[in-house]
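Student: here is my input, please return the structure:
(chains A and B)
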Amino acid sequence: MNTTSVRAVPVRHYGRWAGAAALVLIVVLFFRALLDSPNLDPAAIGTYLFKDYVLRGVGVTLLLTGVAMVLGTAGAVVLAVLRLSANPVLRGGAWAFIWFFRGTPLLVQIIFWGFLGALFPRITVSVPFAGTLFDQPTSVVVSGTTAAILALSLNEMAYAAEIVRGGILSVDRGQTEAAHALGMSPALTMRRIVLPQAMRVIIPPMGNETITMLKSTALVSVIAGHDLMTVVQGVYGTNYKVIPLLAVAALWYLALVSVLSVVQFFVERRFGRGFAVPRGGLR
Amino acid sequence: MSVPMVAAEGVRKRFGGHEVLRGVDLLVAPGEVCCLLGPSGSGKSTLLRCINHLETVDGGSLRVDGALVGYVQRGDRLFELRPREVAARRREIGMVFQRFNLFPHLTALQNITEAPLRVLREPADEVRERAVALLQRVGLADKADAFPAQLSGGQQQRVAIARALAMRPKLMLFDEPTSALDPELVGDVLAVMRGLAADGMTMVVVTHEMGFAREVADTVAFLDDGLVLEAGSPGEVLVNPRHERTRAFLSKVL
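Tutor: Numbers count the residues shown, from 1 in each chain, chains lettered A, B, ... in the order given. Prediction:
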């Protein structure tokens, strides 16, 4: 037999081909049904997608996400360090905080902060001998937006603290020893040696957290948070175009999440330095 | 003798129920190279780690250049120093680890400049100049911008030595610096250490390299089961050991 003329034929996956064909058929049928529905109203989607009040809602959603993630991450680093403290009171306190804020639904926390005035009608700060420094009704101090930020960032702290703690624990003990042997203080070692390496482990789940947070902001519509979801609900509450306006919200969330995914890719690459040789070799 | 660089008196250390150091005495004079030999589990690495307070000491006293490292003496009691104060005293003691422990997120040059910049707060251009010179000294001038993962074990260990030297220590501790290396890479690291010894650096070296101990060491201490069994010149300890235990160990490793 002449081996050079033999052709290799790959296995034929008939099952896969059939499955792919079925999938295409289902998708086509679904979109046909969607476009046939009189309630989808693509023209309405187009009208509302870039309305100024919708854009303002998008702005508030982004602001809530940004502020809650910044405060949440900062608090998470503190909580994670406390959880790893040698002092049992600090360790226990951090544990209890995480236990409480992870253990109750975010929706409950949001409503709680929104109705804080029902629990404490006034917020008063007074110092013995110096008198009252601050006295205001709670509803004035904690507005809808403030309540939303409080609820979202406290909840995020509790979740992210465990992610940060996992990242810190993933860094080899020898790194801390080497830094200490060079005369670096514990705080400097944490900041310059341990945390930058922990970031590599922390970033991917924190990207997830940011995406989850962006969508969780929709929950603040229950306390009139002025975010995208609140705006959309307000509009379809008056004109009953529920489906087109939900589609507007969904398209915006999808677009924002897509942008975040791209940002995450670049941040991950930045903190992966030294662990994988960059493509194309060294600079 | 002037003030010894390292003076251990009756140092004791226990991990749980196991006493790893059972009253160790050791003297290292300035400019001397002292090799710590002994079977694994004899306590030589623990003793080395006690010298710069990576391990606390349970009893006895350990002085470096006349000063207690992790403690301050008030009356007849030793009080452990705050982490900040311990850090300040460690600046003068360089340490090289078996597993290198380079910082993987920093380049070779950044590994070397990190502590002088952040701990000593020296001017950046001066530190950089010194770091480049140190890389040259360990034969890695062309690897300044390489990350540790891109270097061989021997190259990493030489960067680690340069990193410790950048702090201008008066004492260098080596914890089995060549044990994690491929045999062909050991020579480069030992050559750098020989150069250091020739320049008069005080060194305490935990090693299994008998050739290095014989050639470079001024004193050799043989540890077994948490005690220094015998110490002296390499000629005495390695050639004519007094103890049966030393003789048995040497016959296995030589």
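Student: now look at stretch B:46-65 and say if it contacts chain A.
Tutor: Yes: counting by Cβ under 8 Å from any Cβ of the partner chain, contacts between stretch B:46-65 and chain A involve B:N52, B:L54. Where you see a C-beta, it was placed from the backbone N, CA and C, and this is true even at glycine.
Student: err, stretch B:110-123, not the other one
Tutor: Yes: against chain A, stretch B:110-123 shows contacts by Cβ under 8 Å from any Cβ at B:E114, B:A115, B:R118, B:V119.
Student: next, count neighbours for residue 65.
Tutor: All of this is about chain A. Neighbour count for A:T65, taken as other Cβ atoms under 10 Å in any protein chain shown: 23.
Student: wrong one, I was asking about chain B
Tutor: For B:D65, the neighbour count with other Cβ under 10 Å is 18.
Student: please apply the same query to A:T138.
Tutor: The number of residues near A:T138, taken as other Cβ under 10 Å, comes to 16.
Student: how about the nearest residue to it, chain neighbours excluded?
Tutor: Nearest residue to A:T138, sequence neighbours excluded (Cβ to Cβ, 6 or more residues apart in numbering or on different chains): A:G117, at 4.0 Å.
Student: isn't that neighbour right up against A:V142?
Tutor: Yes: A:G117 lies in contact with A:V142 (Cβ atoms under 8 Å); the separation is 7.3 Å.
Student: contact residues of the stretch 101-250 of chain B facing chain A?
Tutor: Near chain A, when you scan the stretch 101-250 of chain B using Cβ under 8 Å from any Cβ, you find B:101-107, B:114-115, B:118-119, B:145-150, B:160, B:163-164, B:167.
Student: of the residues you listed, select the buried ones using a ChimeraX command.
Tutor: The ChimeraX selection below is limited to those of these classed as buried (16 or more other Cβ atoms under 10 Å in any protein chain shown):
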select /B:101,102,103,104,105,106,107,114,115,118,119,146,147,148,150,160,163,164,167
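Student: among the residues of the stretch 101-250 of chain B next to chain A, name the ones in strands.
Tutor: Among those, no member is found in strands (DSSP state E).
Student: got a pLDDT number for A:T3?
Tutor: pLDDT recorded at A:T3 is 65.
Student: any idea which residue sits dead centre in the chain?
Tutor: Unless you meant another one, I'm taking chain A. A:T210 (2.2 Å; Cα atoms, centre = their mean).
Student: chain B is the one I meant
Tutor: Closest-to-mean residue, chain B, Cα atoms, centre = their mean: B:L173 / 1.2 Å.
Student: helix or strand for that residue, which one?
Tutor: strand B:171-175 (DSSP states H and E).
Student: could you export whatever helix or strand comes next after that strand as PDB, CA atoms only?
Tutor: Following strand B:171-175 in sequence order, the next helix or strand is helix B:183-198 (DSSP H and E). Extracted in PDB, the C-alpha atoms of helix B:183-198 (Å, rounded to 0.1, in the frame of the first residue of the first chain):
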ATOM      1  CA  PRO B 183      23.600  20.700  40.400                       C
ATOM      2  CA  GLU B 184      25.000  22.600  37.400                       C
ATOM      3  CA  LEU B 185      23.700  25.900  38.700                       C
ATOM      4  CA  VAL B 186      25.100  25.600  42.200                       C
ATOM      5  CA  GLY B 187      28.600  26.700  41.200                       C
ATOM      6  CA  ASP B 188      27.500  30.200  40.100                       C
ATOM      7  CA  VAL B 189      25.800  30.900  43.400                       C
ATOM      8  CA  LEU B 190      28.700  29.600  45.400                       C
ATOM      9  CA  ALA B 191      31.100  31.800  43.400                       C
ATOM     10  CA  VAL B 192      29.100  34.900  44.300                       C
ATOM     11  CA  MET B 193      29.200  33.800  48.000                       C
ATOM     12  CA  ARG B 194      32.900  33.200  47.800                       C
ATOM     13  CA  GLY B 195      33.300  36.700  46.500                       C
ATOM     14  CA  LEU B 196      31.300  38.100  49.300                       C
ATOM     15  CA  ALA B 197      33.400  36.200  51.900                       C
ATOM     16  CA  ALA B 198      36.600  37.500  50.300                       C
END
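Student: flag every buried residue along helix B:183-198.
Tutor: B:L185, B:V186, B:D188, B:V189, B:L190, B:V192, B:M193, B:L196, B:A197.
Student: export these to a markdown table and tack on distance to A:G15 and pLDDT?
Tutor: A markdown table is the format used below for the buried residues of helix B:183-198 (distance: Cβ to Cβ, whole Å; pLDDT from 0 to 100):
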| residue | distance to A:G15 | pLDDT |
| --- | --- | --- |
| B:L185 | 53 | 90 |
| B:V186 | 58 | 93 |
| B:D188 | 58 | 92 |
| B:V189 | 59 | 94 |
| B:L190 | 63 | 94 |
| B:V192 | 63 | 95 |
| B:M193 | 65 | 95 |
| B:L196 | 68 | 95 |
| B:A197 | 71 | 95 |
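Student: identify the residues contacting A:I211.
Tutor: A:V257, A:L260, A:S261 (Cβ atoms under 8 Å, 6 or more residues apart in numbering or on different chains).
Student: okay, buried residues for the host helix or strand of the residue nearest to the centre of chain A please.
Tutor: Element membership for A:T210 (DSSP H and E) is helix A:195-216. For helix A:195-216, the neighbour count (16+ other Cβ under 10 Å) marks A:195-203, A:205-207, A:209-211, A:213-214, A:216 as buried.
Student: tell me which residues in the strand or helix carrying the residue nearest to A:T138 are buried?
Tutor: In this assignment (DSSP H and E), A:G117 forms part of helix A:116-119. By neighbour count on 16+ other Cβ under 10 Å, the buried set for helix A:116-119 is A:L116, A:G117.
Student: what does it contact?
Tutor: A:P137, A:T138, A:S139, A:V142, A:A147.
Student: so where is chain A shaky, pLDDT-wise?
Tutor: A:1-3, A:276-283 (pLDDT under 70).
Student: all helices of it, in order?
Tutor: Shown for chain A, the helices assigned by DSSP state H span residues A:14-36, A:42-49, A:52-83, A:88-103, A:106-114, A:116-119, A:138-141, A:144-170, A:173-181, A:186-189, A:195-216, A:228-239, A:242-271.
Student: what comes into contact with the second one?
Tutor: I take that to be helix A:42-49. Residues contacting helix A:42-49 (Cβ under 8 Å, 6+ apart): A:L35, A:V54, A:V235, A:K241, A:P244, A:L245, A:A247, A:V248, A:L251, A:W252.
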